[in-house]
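# compute the structure for the input listed below.
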Amino acid sequence: PAEQDYLIQLNFKSGEKAKGSAAYAGALKYFQTALSLLDVESWQTNYPLALKLHENYAEAAYLIGDFELMESIIEQVIERGQDLLDLVKVHEIKIQAKMAQIQQLSALRIGIYFLGLLGIQIPESPQIEDLQVEIAAISQLMEGKAIADLANLPLMENRDHLAKVKILANLLPACYQAKPSLFPWISCKLMQLLIQYGNTVNSSFIYSCYGIVCVTLQDFTSATEYGKLACKLDLSPQTGDSVSGTHVTGACINHCSTHVKEAIPILLKAYQAGLETGNFQFGGFAIGKRSEYLYLMGHSLSNVKLEMATASHALATMKQENTLAGNQTFEQAILNLLGESETPWELIGTAYNETESVPLKTAANDRNALHYVYLNKLILCYLFDRIPQAVENAALAESYLDGVAGFLDNYVWNFYDSLTQLAHYGDAETSVQKSILEKVETNQKKMQYWATHAPMNAQHKDDLVAAERHRILGERFQAIELYDRAIAGAKENEYLQEEAVANELAAKFYLDWGKEKVAAGYMQEAYYCYARWEAKAKINQLEEKYPQLLSPILEKREPHNFHNSFTSTQVSDIVTTTTVFLDYASAIKASRAISEEIELDALLCKFMQLLIENAGANKGVLLLNNSNNWEIVAQFNNETCDLSTTPVAESKTLPSSIINTVKRTQKTLLLNNNFEQNNTFSADPYLLKQQPKSLLCIPIINQGKLMGILYLENNFTTEAFTPERIEVLNLLTAQTAISIENARLYQDLEAKVEQRTQHLQQTLQKLQQTQAQLIQTEKMSSLGQMIAGIAHEINNPITFISGNITHAREYFLDLLELLNLYQENLSAPSAAIEEKLQEIELEFLCEDLEKIFDSMETGSTRIRQIILGLRNFSRLDEQGMKRVNIHEGLENTLMILQHRLRGSGCRPDIAIIKDYAQLPPVNCYASQLNQVFLQILTNAIDALTTSKAPDCPEIRIATQMQNQYNIRISIADNGPGMSKTVEQRIFDPFFTTKPVGQGTGLGLFISYQIVTEQHRGQLQCISQEGKGTKFMIDIPI
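As a prediction, this is how the structure comes out:
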């Protein structure tokens, strides 16, 4: 029993340690082992231990997502628990598990029932009067106290009060999502318990939740104070869990007084703490809300898409299905904006399907998730001008606003609801128009209150709604200033998508007013903002709907005397003009084709092709200014487009005098076979050699800056570049300037995204590697502790047995000698003695007993060797480097694997062939090297037990001195070997050739690090298919 109790405690402590290190699968095994060792009557004989083991076993099952096992364990606890308060922990686990499985109503039923047993009756649907009573009670309890004083409350000790706080606190997330009317009532009840009886580990979370109540009551000052209090208490393990209070403050309170971007690091911190502590529920809330806020702030969609995908993966891993569904709603909206849906106003795609999910969410009354669906549909319908649908979704989102109390989503819904109502105003009946203005006025009062406390999040939203309100009322001059204020505010506070919306609405305002030129400027700025946001679907819509605003249409001027320019030898300042000969249809078509391209190389190629078609040239060269370094980026000649980049200074395919003149004057230059008469160009080597018939050089200017030069020539015809063609070329180059700028931006963004993706992948891989190494270290540490414990406990009885075998043998010989004397001196043994002698077969017994003594000695010696070998293998007590015998490590490892080396009915024994050299003691981390030996030998055995194994499997182990400084250990098998592809990746992390579930791909990676980093050695692998595999370990002496 003592040994059994020791093993139970050892496994229990190992399980707690594994759980604390987030190694939940390992923790589950430890607790399972401890339970298997418990006596059947343990619930009666050792109730505290049985209860604690079952609680931890159930929690570990929940943390790995094995809800069926968790339920079965909890049922045992409920059935055998001796006190109601002993059932608190398993009810907490049960509530959290239901939340993870998107069963909020079930979670509420479980908690409310148990609270009834504890003496707290929860009202079905608290009314405003009920809430006022609870708030008044809090005010009375807070008399004479500041909010910050609550941090100094004593710790709650009464078990009954603690139980009530734990269950009530666990119900808050379910209330928030599925029954919001209960959330403020329970928050108030918890506040009363804390103020009266002291702080608990739930205090940080409770104070932050009461901060949400203050937000809904428009008391932002108190909300901010409670948020600060929550974050302070979250740092102490006695008053917080490092996760929940921090999450709620970052998600629901911070944006009431500071820019929402300040919440991003707070939410990331909460997520990381959730992973470390096993609080997956709030860790999941935090990572999901962080991704959502990045989207609502207008971060680039491709970056947010990556963040969303990372969050979804983390949530799926943590089995937080409810938060995952909400995250996927926003993820699908982002995919739609990126152009991955033909109907971007519908949430149907690879990440989310509203037709499948909404009925399930409605049945579960998941008000939080339903608001997310309709909010995203509201935004998308508004952006894509589906106003009637936007009005419908705005109303649906409003009906579920209580599911997002305190979140930034309230600001966003208010903003888009007002814009949608005002967009619908012109098509509505007179009676409806009045209600629209009333609704917008109500929205604006809230937005203006928010703006007084956090102008960086709300002021520009209010300004844009006000501008739109003045627009529909015909108050143009008031609208003008407000549009510009909204644009400036959104830009200053980095709400890129809202800056885009403000520019687009301003453009529509001026277009309706008949000021098309002004409208074009705003629409082009909107286009640029949407491009930076990477909303490809929205960009496509603008191009289709407003081509006249996005293509720079030039003003009419006095006709220029092109004839003089064409025949003179002087540099001509070509003034672009609209003439009756210009084919606007083909120009706009070509311009649109250019604007459709966002990849720089494809854009340049299409641009050059269209130029040649419209200009009548047989050669074209495009030069771009890259940070004052002029480069040839595209050349079109003989129907071939060359996109190789060449510095202009090194090129011999251009007239440098022409290029330099256009670069200096920024004026178009046209020459027709008369350059020899002009002293400026007559000595140009290129012109003297090529003798082009017609030559045109056009500056490409964007926003007043020279960004490029277009050079065209025709070697067959003079005056090839007619005024009509020059008009077309000016139009195309103007569009190209915008498109090149956008393409460069897109290219930069793509590079940043790729860099960010690689960085995240490297970080993730590093984290996975570190986690794997920690788990491996934990495994070896636990193994060493267990071996040390077992060796200690077994050593005494084995010593007792082996020490007494010699005495027992001597006693037996003495007794045998005495028996012989009796036989010699007893002339006539009785019949009874004769009968007994025959029964026991005395002669056989004497011979066999000697053999039994021999086997007992052999067995006890073998047990000692095994224990010694295991202790030597684990080397728990040797943390630093020590000089050891390498051969002992190899022998100890082989001893551990002895059972795998033995054959079975279907395969022969694996032969071990040793070739050990004389080696000096080696300075090393013995236990780490033993891990390497174990990994390589295990892989060799695996290879020799496959269907492709040889008839005579063998492993050769050799050691040798490489030189006076290094030794080599070689381990080779004659198995099936591996391909060169596999051999090249054999030491990569997470690479494995084994079936799913049979290998992590970390064993050889960790072995490689142990040899190369810990021992400054080398680990090599040589393999050939059909010939076997050989590993060579070189380490310094």
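# strands along the stretch 601-750 of the chain, start to end?
619-626, 629-637, 640-642, 646-647, 669-671, 694-702, 705-714 (DSSP state E, counting those that start in this stretch).
# which one of the ones you listed is the most hemmed in?
strand 669-671 (a mean of 23; mean count of other CB atoms under 10 Å). Yep, even glycine has a C-beta here, placed from its N, CA and C like the rest.
# so Ser802 makes contact with Gly859?
No. Under the criterion of CB atoms under 8 Å, Ser802 is not in contact with Gly859, lying 9.2 Å apart.
# for Leu654, what are its contacts?
621, 623, 632, 648, 686, 711 (CB atoms under 8 Å, 6 or more residues apart in numbering).
# so what's it scoring on pLDDT?
The model reports Leu654 with a pLDDT of 91.
# distance of it relative to Ala683?
15 Å (CB to CB, to the nearest Å).
# could you do Gln762 as well?
56 Å.
# kindly report the same for Arg985.
62 Å.
# between those two, which one's more packed in?
Arg985 (14 against 11; other CB atoms under 10 Å).
# in space, what's closest to the more buried one - neighbours in sequence excluded?
Among residues not flanking Arg985 along the chain, Phe991 sits closest, at 4.8 Å (CB to CB, 6 or more residues apart in numbering).
# count the neighbours of that neighbour for me.
What Phe991 shows, counting by other CB under 10 Å, is a neighbour count of 15.
# that one touches Gln984, doesn't it?
No. Counting by CB under 8 Å, Phe991 does not reach Gln984; the two are 9.9 Å apart.
# Met608: which of the strands of the stretch 601-750 of the chain is closest?
Met608 sits nearest to strand 629-637 of all the strands of the stretch 601-750 of the chain, at 4.0 Å, using CB to CB.
# hmm, who's touching that closest one?
With contacts defined as CB under 8 Å, 6+ apart, strand 629-637 is touched by 604-605, 607-609, 611-612, 618-624, 641-643, 645-649, 651, 653-654, 663, 709.
# strand partners (parallel or antiparallel) of that strand?
Each strand paired with strand 629-637, and its direction, by DSSP bridges: strand 619-626 (antiparallel), strand 640-642 (antiparallel), strand 646-647 (antiparallel).
# okay, now Phe719: neighbour count?
Rather than Phe, residue 719 is Glu. 16.
# can you tell me the closest non-neighbouring residue to Phe205?
Nearest non-adjacent residue to Phe205 (CB to CB, 6+ apart): Ser244, at 3.8 Å.
# contacting residues for that neighbour?
Counted by CB under 8 Å, 6+ apart, Ser244 has contacts 202, 204-205, 208, 234, 270, 279, 282.
# from those, which two are the most distant?
Applying CB to CB across the contacts of Ser244, the maximum distance is between Asn202 and Ala270, 15.4 Å.
# neighbour count winner among the two?
Shown here are Asn202 and Ala270; by other CB under 10 Å, Ala270 has more neighbours (31 against 26).
# these two touch, right, the more buried one and Gly283?
Yes. In terms of CB under 8 Å, Ala270 counts as a neighbour of Gly283; the distance is 6.8 Å.
# what sits in contact with each of the two?
Both Ala270 and Gly283 are contacted by 243, 247, under the criterion CB under 8 Å, 6+ apart.
# out of the helices and strands in this protein, which is least certain?
The least trusted helix or strand in the chain, going by mean pLDDT, DSSP states H and E, turns out to be helix 562-567, with a mean of 32.
# is it true that Ala394 touches Ser418?
No. Counting by CB under 8 Å, Ser418 is not a contact partner of Ala394; they are 9.2 Å apart.
# neighbouring contacts of stretch 166-177?
For stretch 166-177, the external contacting residues (CB under 8 Å, 6+ apart) are 88, 91-92, 95-96, 98-99, 104-105, 107-108, 111-112, 114-115, 118, 120, 182-183, 186-187, 189-190, 193, 200, 202, 205-206, 209, 281-282, 285, 322, 366-369, 403, 405.
# element containing the one residue sitting closest to the centre of the chain, please.
With distances taken as CA atoms, centre = their mean, the residue of the chain nearest its centroid is Thr310 (2.5 Å). Element membership of Thr310 [criterion: DSSP states H and E] is helix 301-317.
# now Tyr546. Nearest residue, chain neighbours left out?
Nearest one to Tyr546, counting by CB to CB, 6+ apart, is Met523 at 5.5 Å.
# related to what we said a few turns ago, what's the overlap in contacts for Ser802 and Gly859?
With CB under 8 Å, 6+ apart, Ser802 and Gly859 have no common neighbours.
# residue boundaries of the helices in the stretch 551-700 of the chain?
For the stretch 551-700 of the chain, applying DSSP state H, counting those that start in this stretch gives helices covering 562-567, 584-595, 600-615, 656-665, 685-690.
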